[in-house]
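In: Kindly generate the corresponding structure for this input.
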Amino acid sequence: MKFQGKKFSFAVVKKKLPNGRYADVDVIEHPGAVVIVPFLSRDTVILLHQYRPVLGRYLLELPAGTLERDEQPLACARRELIEETDHKGSVFTRLGKIYPVPGYSTEVIHIFKAEKLTPQTGTKDMDEIIRTKPLRKSAVRKLFRCGGITDAKTIAALSLCGWLS
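Out: Predicted structure coming up:
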């Protein structure tokens, strides 16, 4: 059985395991995504205060987005940065990738750092409720330690930048 949503599909598939047994596995097929750490300066990044309807609450997180059909991760990162922060990045550095929920999803999130930002007006998606929040490194660390940053992709990306250690 397979169900198709707006961006993802869900299926129950039979998989052969390394031990030779078979198992029915729930799989969310995901096109992939990006997360961007946008540096306004060496000591300041832009985070987003974003409403997440599935949770029914706001989260503090980095800009991110789902890859469009045949879109390369860097192109997606450039697009999402403008859409969500109203800033264009001149220098992008790939930091790595993560599998956020490998127990049931094919999603891979590509992590980028964006520097040399300049203002550029973007257009938010209709379902996005976002406020930008520039924060200094000390404020980010304090928020993380007190549980103010709980989004996994944001924690992973900030960790790769050395901001949470």
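
In: From now on I want contacts and neighbour counts done on CA atoms only, so please keep to that.
Out: Noted.

In: any idea how far the residue of the chain positioned farthest from its centre is from residue 90?
Out: Residue farthest from the centre of the chain, counting by C-alpha atoms, centre = their mean, is residue 20 at 35.2 Å. Distance of residue 20 to residue 90, given as C-alpha to C-alpha, to the nearest Å: 50 Å.

In: hmm, back to that, which strand or helix spans the residue farthest from the centre of the chain?
Out: Using DSSP states H and E, residue 20 sits in no helix or strand.

In: And the pLDDT at it?
Out: With respect to pLDDT, residue 20 scores 97.

In: Quick one: the helices in this protein, in order.
Out: Using DSSP state H, the helices of the chain run over 73-85, 137-145, 152-160.

In: Name the residues of the first one that come out as buried.
Out: For helix 73-85, a neighbour-count test (16 or more other C-alpha atoms under 10 Å) marks 73-74, 76-85 as buried.

In: The last one now?
Out: Applying a neighbour-count criterion of 16+ other C-alpha under 10 Å, one finds 153-158, 160 buried in helix 152-160.

In: From the rest of the structure, what touches that helix?
Out: Residues from elsewhere that reach helix 152-160 (C-alpha atoms under 8 Å, 6 or more residues apart in numbering): 35-37, 61-62, 95, 98, 100, 109, 111-112, 149, 164-165.

In: filter those residues to the buried ones?
Out: Buried members of the contacts of helix 152-160, scored by 16+ other C-alpha under 10 Å, are 35-37, 61-62, 98, 109, 111-112, 149, 164.

In: Do you know the pLDDT at the nearest residue to residue 1 once chain neighbours are set aside?
Out: Of all residues not flanking residue 1 in the chain, residue 11 sits nearest, at 5.7 Å (C-alpha to C-alpha, 6 or more residues apart in numbering). Among the per-residue scores, residue 11 shows a pLDDT of 95.

In: didn't residue 11 look like it was pressed against residue 24?
Out: No: counting by C-alpha atoms under 8 Å, residue 11 stays clear of residue 24, with 9.9 Å between them.

In: For these two, indicate the residue with more neighbours.
Out: Taking other C-alpha atoms under 10 Å, residue 11 and residue 24 do not tie; residue 11 has more neighbours (16 against 11).

In: do you know how far that one is from residue 109?
Out: Using C-alpha to C-alpha, residue 11 is found at 21 Å from residue 109.

In: quick one on the thing from earlier: let's have the helices of the chain in CSV, adding mean pLDDT.
Out: Supplementary listing: the helices of the chain in CSV, determined by pLDDT from 0 to 100:
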stretch, mean pLDDT
helix 73-85, 97
helix 137-145, 97
helix 152-160, 98
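
In: I am finished for the moment; much appreciated.
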